[in-house]
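[1] The sequence and its predicted three-dimensional model are supplied below.
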Amino acid sequence: MRFTIFQESRKGSRKTNQDRIAYTYSRDTLLLVVADGMGGHAGGEIAAQIAARLFIERFQQEAKPILKNPLKFLQDTMLRAHAALGSYANQFSMLETPRTTCVACIVQAGHAYWCHVGDSRLYLFRQGGLIGATKDHSKVQYLVDQGIIGAGEVAAHPDRNKIFSCLGGLVDPVIDLSRRTPLRNGDVLVLCTDGLWSVMDQHEISTWLTSTPILTTAPQMMREGEKRGGPEGDNLSAIVVRWGPETLTDEQTTTVTESLGIGDFETQIERTLTLTDRKGTQRDLTDDEIEHAIEEIQSTIQKYRR
Amino acid sequence: MPVTNQALAGGYQLLNYRVDRQISRGGFSIVYRAFDEEGVPVAIKEYLPSSLVLRTEGDIVRASSAENLTSFRYGMKCFFEEGRALAKINHPNVVRVLNFFRANETVYMVMRYERGRTLQQHIQMRQDQMSERLVRHVFMHLLNGLREVHTHKLLHLDIKPANIYLRTDGSPVLLDFGAARQTLTSARPKLAPMYTPGFAAPEQYREPDRLGPWTDVYGVGASMFACLAAFAPQAADARVSEDHLVSAKKIWAGQYSDNILEVIDWCLRLDPLERPQSVFALQKAIRDIPPIKRKLGFFGSLKKMLFSEIGA
């Protein structure tokens, strides 16, 4: 498989980031997952984290090196994540089950499959046009479907945050599955949270990511989105995949999965951590951090010298 | 075209140390023998992951691409973990870290230089089977070191004959804490899993949340097995789907005491809960084995080792 991939999560103006995004791939299968935790306190962040991790872990157990049935995998994992949130709440006697939205996508053998719960979205663009998308499990989307309001009124509607399906809710989630969708080189997949789509419509997202190297324009798009959120801005996150070899720039940005051994996975989990993992994920160690680590080790050696 | 990293040349002055020669080379590092200012030999481990960085000449390490620089720095964290783990431990059966520094755009760990050879080399070079006395002697002392490691809330996670060094006096030293992890902290650092098939416990493949002292106990059992068999037991992930491992008690019945064979089988149980749950429990079980007289006693083996050529 050859593709270019970008992912970023920004806090917006919130104190914590309750969005979680992650991707992982084997030689022959790619998984993308975006979750947007809901509710106050730590619950939302935990919920999104649990959902994203469960997807990654199950994928690594089952994609050997391909999934037998990608749609079934997506559906099962959503249900398991829902159950896992319930048992988490039980285990820690939480008054309220942590809840999250989730959208996940598998690309395997040149075909995309996706699945979602709530209002985190997937867009599939071909040559700038939208050829596939999720439909939010939200009250406003229902109003649009009924012809009560227009699509343009969604972003500003007072009830735009009300969703009727999520993982960890009191009722079982409504899970929507896509069809098996063939991909062509140059197709762009975007998975994002409402923090992005509420400040930028699909046409604009498509403009940012069409005919330009995504590794250059996607970060600009995210910065612009955060700026537009203003002082009340929500967390915003996106994973962008441009399928096929990168042809828009000379730089070597294409991920080539054939270099992975059979049974190997490459994984990136992006999060702005506020409570879970004090070490964070893969990122550059700064010079200061290196110096600090060395000082710490040297002082420990001195301390334990007899 | 495979490109390999150039080792530092003999005579190279690295901070206060003069490099003598390369001792060994792994996927993530090169180990040199060097001498400090007083002429005392030391072992210096240079962080140099072969897949990420290049040094075709000279001494400065350069990442082979921008992406690799990120991975290079990330891997450096793991190297720091090893340094942190070892710095705290001062025990005769655990390799001692003497210094840790940065140079040539990478990092170095200076360790006490030990004379002898690895248990792996010992197993491979022997003609006859290893005596029960020697096995017991090596592992009882090694477990003292491992107990110290666990006391510091660390797990070694890569116990195997290649990481057990036998000094010329027969005492073992636990080496290579590249896989060691800080445990019992609320958040586990997410490092790439590292394990050696045959010696890694089943939970290392799939259930990182179930790692514990019993995980190192599996590695100890597999290493003891390898001492008797001269090969590693079947890999644990394969055993989980189809267990072909024949129990030590069946293979070596009559050649070793039932007790030690039972201990090995106990350590090699697939279910972590069925193994000795602590090093202490394991030591107790080994101590309870009644010593048996063999033709070649402990001093005989020791003498043999002393006179055998020292592998480096």
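    Happy to help now that I have it. Numbering: from 1, shown residues only, chains lettered A, B, ... in the order given.
[2] Can you list the residue ranges for strands in chain A?
    Along chain A, the stretches classed as strands by DSSP state E are A:2-10, A:19-25, A:29-38, A:99-108, A:111-117, A:121-126, A:129-133, A:176-177, A:181-182, A:188-192, A:236-243, A:255-256, A:266-270.
[3] Can you check what angle separates the last one from strand A:19-25?
    Computed with axes from the mean of the first three to the mean of the last three Cα atoms, to 10 degrees, the direction of strand A:266-270 lies at 170 degrees from that of strand A:19-25.
[4] can you check the third one too?
    Strand A:29-38 runs at 170 degrees relative to strand A:19-25, counting by the same axes, to 10 degrees.
[5] Which residue would be the closest one in chain A to chain B?
    residue A:300 (3.8 Å; Cβ to the nearest Cβ). For glycine as for every other residue, the C-beta is placed from the backbone atoms N, C-alpha and C.
[6] What's the local residue count around that residue?
    19 (other Cβ atoms under 10 Å in any protein chain shown).
[7] how far away is it from residue B:87?
    4 Å (Cβ to Cβ, to the nearest Å).
[8] And for residue A:23?
    Between residue A:23 and residue B:87 the computed distance is 36 Å (Cβ to Cβ).
[9] Check residue B:252 too.
    Distance, residue B:252 to residue B:87, using Cβ to Cβ: 40 Å.
[10] Which one's more surrounded, the two?
    residue B:87 (24 against 19).
[11] wait, what's in contact with that one?
    For residue B:87, the contacting residues are A:297-298, A:300-301, A:304, B:97, B:100, taking Cβ atoms under 8 Å, 6 or more residues apart in numbering or on different chains as the criterion.
[12] Sort those by pLDDT and name the bottom one.
    Across the contacts of residue B:87, no position has a lower pLDDT than residue A:304, which has 77.
[13] where along the stretch 201-306 of chain A do the helices fall?
    Counting by DSSP state H, counting those that start in this stretch, the stretch 201-306 of chain A has these helices, from start to end: A:202-209, A:214-229, A:287-303.
[14] How much space separates the residue in chain B that chain A sits nearest to from residue A:72?
    Scanning chain B for proximity to chain A using Cβ to the nearest Cβ identifies residue B:87 as nearest, at 3.8 Å. Counting by Cβ to Cβ, the gap from residue B:87 to residue A:72 is 49 Å.
[15] swap in residue A:78?
    With distances taken as Cβ to Cβ, residue A:78 is found 11 Å from residue A:72.
[16] And the two? Which one has more around it.
    In terms of neighbours (other Cβ under 10 Å), residue A:78 is the more surrounded of residue A:78 and residue A:72; the figures are 24 against 13.
[17] For the helix or strand of chain A with the lowest mean pLDDT, which helices and strands make contact with it?
    Of all the helices and strands that make up chain A, strand A:266-270 has the lowest average by mean pLDDT, DSSP states H and E, namely a mean of 72. The criterion is 3 or more Cβ pairs under 8 Å, 6 or more residues apart in numbering or on different chains; DSSP states H and E, and the helices and strands that strand A:266-270 contacts are strand A:2-10, strand A:19-25, helix A:43-62.
[18] try 6 Å
    Contact partners of strand A:266-270 among helices and strands, from 3 or more Cβ pairs under 6 Å, 6 or more residues apart in numbering or on different chains; DSSP states H and E: strand A:19-25.
[19] Pull up the pairing partners for the strand it packs on, direction included.
    Strand A:19-25 has its sheet partners listed here by DSSP bridges as strand A:29-38 (antiparallel), strand A:266-270 (antiparallel).
[20] could you dump those strands to a markdown table with mean neighbour count and distance to residue B:245?
    Formatted as a markdown table, those follow (neighbours: other Cβ atoms under 10 Å in any protein chain shown; distance: least, Cβ to Cβ, whole Å):
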| stretch | mean neighbour count | distance to residue B:245 |
| --- | --- | --- |
| strand A:29-38 | 28 | 32 |
| strand A:266-270 | 18 | 31 |
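[21] With distance to residue B:283 as added columns, please give these in CSV.
    Formatted as CSV, the entries for these read as follows, by distance: least, Cβ to Cβ, whole Å:
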stretch, distance to residue B:283
strand A:29-38, 45
strand A:266-270, 38
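[22] Identify the residues contacting stretch A:254-273?
    A:1-5, A:7, A:9, A:11, A:17, A:20-27, A:60, A:65, A:245-246, A:280-281 (Cβ atoms under 6 Å, 6 or more residues apart in numbering or on different chains).
[23] Now with 8 Å, please.
    With Cβ under 8 Å, 6+ apart as the contact definition, stretch A:254-273 has outside contacts at A:1-5, A:7-11, A:16-17, A:19-28, A:30, A:49, A:52-53, A:56, A:59-60, A:63-65, A:237, A:245-246, A:277, A:280-282, B:190.
[24] residues contacting the residue nearest the centre of chain A?
    Per Cα atoms, centre = their mean, the C-alpha nearest to the average position across chain A is that of residue A:34, at 2.2 Å. By Cβ under 8 Å, 6+ apart, the residues touching residue A:34 are A:19-21, A:102-104, A:120, A:191-193, A:237-239.
[25] In terms of distance to residue A:134, which of those ranks first?
    Distances from residue A:134 to these, taken as Cβ to Cβ, are shortest for residue A:103 (6.2 Å).
[26] chain center to stretch B:201-215: distance?
    Mean-position distance between stretch B:201-215 and its chain equals 17 Å (Cα atoms, centre = their mean, to the nearest Å).
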